[in-house]
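Peer 1: Structure for this input, please:
(chains A and B)
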Amino acid sequence: TQLLEQSPQFLSIQEGENLTVYCNSSSVFSSLQWYRQEPGEGPVLLVTVVTGGEVKKLKRLTFQFGDARKDSSLHITAAQPGDTGLYLCAGFNAGNNRKLIWGLGTSLAVNP
Amino acid sequence: NAGVTQTPKFRVLKTGQSMTLLCAQDMNHEYMYWYRQDPGMGLRLIHYSVGEGTTAKGEVPDGYNVSRLKKQNFLLGLESAAPSQTSVYFCASSYHGQGLGYTFGSGTRLTVV
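Peer 2: As a prediction, this is how the structure comes out:
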């Protein structure tokens, strides 16, 4: 069974701090997606990474896909209260089952 | 663009009652999905569809049925609601099944008493 483990599970920081959240698996994925979910809303896609070693930047957010395509990280620089939310990673397997495997998420609170 | 629209937003059912959750997308996406999200369990796939007229079971299909009569609509039915079906339900869609990202609706919060 493929699993995606996200860490930390919870994170509470002050505005202006930097942080990194991790998404790890023992399985190889064809691509990996990151979403942010705010209370009462559905997840919103932030980025998809498809190549081992790939780095993508979205303003203050930097996403990296591991060289072996088994893990990924999300780094936020100078966090702001608007970054508060649940960050979810999801790995896609283009093999036989073509399923999306979800992590349980990292709940981030950025305090002003 | 409306994206993915789910109705209703909230619903309370009594055990044994039935209901249908509606999902509509205006992006001409081929693939559509129904998920439930529960604390500590994450997002779990109930049923999905790879095109108009097709449906398939996900991880937790028991107690649910779906239909995809039109490409833009994906309906989730509960024939006889149980308290274990209390959850937040999300519909999502994607252009194809290549794992490049889903668009989610804003969810339906269902409570079964």
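
Peer 1: Please count neighbours and contacts with C-alpha atoms only from this point.
Peer 2: Will do.

Peer 1: So whichever residue of chain B sits closest to chain A: helix, strand or coil?
Peer 2: Closest contact between chain B and chain A, by C-alpha to the nearest C-alpha, is at B:Ser106 (4.5 Å). Under DSSP: H, G, I helix; E, B strand; the rest coil, B:Ser106 falls in the coil class.

Peer 1: My read is that B:Val112 contacts B:Leu78, right?
Peer 2: No - using C-alpha atoms under 8 Å, B:Val112 is not in contact with B:Leu78, being 11.0 Å away.

Peer 1: ok, residues contacting stretch A:39-57?
Peer 2: A:30-37, A:62-69, A:85, A:88, B:90, B:100-107 (C-alpha atoms under 8 Å, 6 or more residues apart in numbering or on different chains).

Peer 1: end to end, how far does it reach?
Peer 2: 24 Å (C-alpha to C-alpha, to the nearest Å).

Peer 1: quick one: it to chain centroid distance?
Peer 2: From the chain centre to the centre of stretch A:39-57 is a distance of 6 Å (C-alpha atoms, centre = their mean, to the nearest Å).

Peer 1: same deal with stretch A:37-44?
Peer 2: 14 Å.

Peer 1: Would you mind measuring the gap between the ends of that stretch?
Peer 2: By C-alpha to C-alpha, one end of stretch A:37-44 lies 6 Å from the other end.

Peer 1: For that stretch, buried residues please.
Peer 2: Residues of stretch A:37-44 classed as buried by neighbour count (16 or more other C-alpha atoms under 10 Å in any protein chain shown): A:Gln37, A:Glu38, A:Gly42, A:Pro43, A:Val44.

Peer 1: so of these, which ones are in helices?
Peer 2: Nothing among the buried residues of stretch A:37-44 maps onto helices, per DSSP state H.

Peer 1: Residue numbers of chain B in contact with chain A?
Peer 2: Counting by C-alpha under 8 Å from any C-alpha of the partner chain, chain B comes close to chain A at B:40-43, B:90, B:97-107.
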